[in-house]
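*Asks:* With the input below, show me the fold.
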Amino acid sequence: MADNYLEKKMEEHLSRQSATPRRSHATKSTFSFFPCRNILVVAQGEEWETEAVTMLRAAGHRVALLNPTGMALAQATGSRCYPFSRERLSDAVTDIRSRWGSLDIIVKASPDNTISIVNLLDGITATVDAAQPSAVLLLTHPSARSIRDLQPLT
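*Replies:* A predicted model of the protein is given here:
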């Protein structure tokens, strides 16, 4: 009798489960205009670094930091951190390529208070003022090449 009772209860449970409509758990869909790129940010704790890394991660890029003091920023944004100095750039690039398969873009600070974006996919280098780190995100987009090549209307 006990076995039969459990079987009936299980059948009831399964029939109720299949009869009730399932709730669809709507997941937050992230629609991105940016294809995922593997980006290395080489900085020494400059002011623009936090804003640029946060925006790049929000756009869906994989970001690695080459910064001796960047561990807290990497943990806060979900990035990788290589606590090396610039002299060990080749070690970081080798590790990124082995983990992610490729390195697409290098973003680095220049001594003249500018940010250089080197796109390794097409060999184009762009430079922006360090006071405008949001431009880093725009210049990682594939169409940035055509935008930069436009001539002003006369």
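*Asks:* helix or strand right after the helix ranked longest in the chain?
*Replies:* Counting by DSSP state H, the longest helix found in the chain is helix 2-19. Toward the C-terminus, helix 2-19 is succeeded by strand 38-42 as the next helix or strand (DSSP states H and E).
*Asks:* re the thing from before, over the longest helix of the chain, what's the mean pLDDT, rounded is fine.
*Replies:* When pLDDT is averaged along helix 2-19, the result is 78.
*Asks:* next one: stretch 132-152
*Replies:* 66.
*Asks:* what angle do the helix or strand containing residue 92 and strand 38-42 make?
*Replies:* Element membership for residue 92, per DSSP H and E: helix 89-100. Angle of helix 89-100 versus strand 38-42, following axes from the mean of the first three to the mean of the last three C-alpha atoms, to 10 degrees, is 160 degrees.
*Asks:* Can you give the distance from helix 89-100 to the centre of its chain?
*Replies:* 16 Å (C-alpha atoms, centre = their mean, to the nearest Å).
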